[in-house]
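Asker: Test case, fold it:
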Amino acid sequence: MLEVEALETAYGQSQVLFGVSLGVRAGEVVTLLGRNGMGKTTTVRSIMGMVRVRGGTIAFEGTPLHGLPSYRVAQAGLGLVPEGRQVFPNLTVRENLVATAANRSRRADPWTLDRILALFPQLAERRGHFGSQLSGGEQQMVAIGRALMTNPRMLILDEATEGLAPRVCVEIYGAIERLKASGLAILIIDKDLRALTRIADRHYVLEKGRVVWSGASPELVADRGVQQRYLGV
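Answerer: This next block holds a predicted model:
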């Protein structure tokens, strides 16, 4: 579904990505791994049209995305759960969710408010609370629900469980497993290697803006050298 080839991105004169290539197939869960500052979020921001790409190509289901504004990328079928969650603090849970509701692909079983509340029952109890009144875990649930309400064909999660309590991390990964079972393609950035290798099909490891390793979960689990050298495990 997603094909990124030889991607190069810079902030001003400072180049961050150097020929990054990756792909996500339909129904697949793929991770983007690496220590902080290695270019993972910049890769996501490049895919989503949030930063200007200097070189390379990005295509989704055969449609070129590079050079398009963010709203056009979202309309193409990519849903983003951004780093830091970024829920609207002065809107209620319900308002945060319905604000992005759309079904441009005319799915027969679109994501609705009721489906989101079934995925995250905790939000049903908090639907009238403002974003600023929610815990970090609840905000992340809202951020995931908000992205799903656009009815994307692929979901991108940047730091899926960063800063969340272990119990909440289990809930988030449980939801991700259910989304995978439904056939949704997912690209994830996170640091929980044990959870990621259990759920994901394939992985890409970034080091200083370059892909230095890629492979399937069993290969990554078995390669302690890659884990120690690039992931700090």
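Asker: Val168 belongs to a helix, doesn't it?
Answerer: Yes. Under DSSP: H, G, I helix; E, B strand; the rest coil, Val168 sits within a helix.
Asker: any idea how far it is from Gln86?
Answerer: Per Cβ to Cβ, to the nearest Å, Val168 is found 18 Å from Gln86. Where C-beta positions appear, they are placed from N, C-alpha and C, glycine not excepted.
Asker: again with Leu179
Answerer: As judged by Cβ to Cβ, Leu179 and Gln86 stand 20 Å apart.
Asker: same question, Leu22
Answerer: Going from Leu22 to Gln86 by Cβ to Cβ gives 24 Å.
Asker: And for Glu3?
Answerer: Counting by Cβ to Cβ, the gap from Glu3 to Gln86 is 27 Å.
Asker: more crowded one of these two?
Answerer: Between Glu3 and Gln86, Glu3 has the larger neighbour count (other Cβ atoms under 10 Å), namely 17 against 14.
Asker: wouldn't the more buried one be in contact with Val30 here?
Answerer: No. Using Cβ atoms under 8 Å, Glu3 is not in contact with Val30, being 11.9 Å away.
Asker: Next, show the common contact partners of the two.
Answerer: Gly23 (Cβ atoms under 8 Å, 6 or more residues apart in numbering).
Asker: Pull the residues that contact the helix or strand Glu177 falls within.
Answerer: Assessed by DSSP states H and E, Glu177 sits inside helix 166-181. With contacts defined as Cβ under 8 Å, 6+ apart, helix 166-181 is touched by 27, 29, 119-120, 122, 135-137, 140-141, 144, 148, 155, 157, 160-161, 164, 186, 188, 192, 195, 199.
Asker: try 6 Å this time
Answerer: Under the contact criterion Cβ atoms under 6 Å, 6 or more residues apart in numbering, helix 166-181 has outside partners 29, 119, 137, 161, 195, 199.
Asker: ranking the residues you listed by neighbours, who comes first?
Answerer: When neighbours are counted by other Cβ under 10 Å, Thr161 leads those with 24 neighbours.
Asker: Show the contacting residues for that residue.
Answerer: Thr161 makes contacts with 169, 172, 190, as judged by Cβ under 6 Å, 6+ apart.
Asker: And it, how far from Ala185?
Answerer: For Thr161 relative to Ala185 (Cβ to Cβ), the value is 19 Å.
Asker: now do Asp192
Answerer: Asp192 sits 20 Å away from Ala185, going by Cβ to Cβ.
Asker: And Ala102, by the same measure?
Answerer: 18 Å.
Asker: Kindly report the same for Thr42.
Answerer: Taking Cβ to Cβ as the measure, Thr42 falls 21 Å from Ala185.
Asker: How about Thr150?
Answerer: Counting by Cβ to Cβ, the gap from Thr150 to Ala185 is 14 Å.
Asker: Ramachandran coordinates for the closest residue to Val93 other than its chain neighbours?
Answerer: Closest residue in space to Val93, ignoring its immediate chain neighbours: Arg127 at 4.6 Å, by Cβ to Cβ, 6 or more residues apart in numbering. For Arg127, the backbone dihedrals (degrees, to the nearest 10) come out as phi -60, psi -30.
Asker: neighbours of Arg127, just the number please.
Answerer: Arg127 has 16 neighbouring residues, counting by other Cβ under 10 Å.
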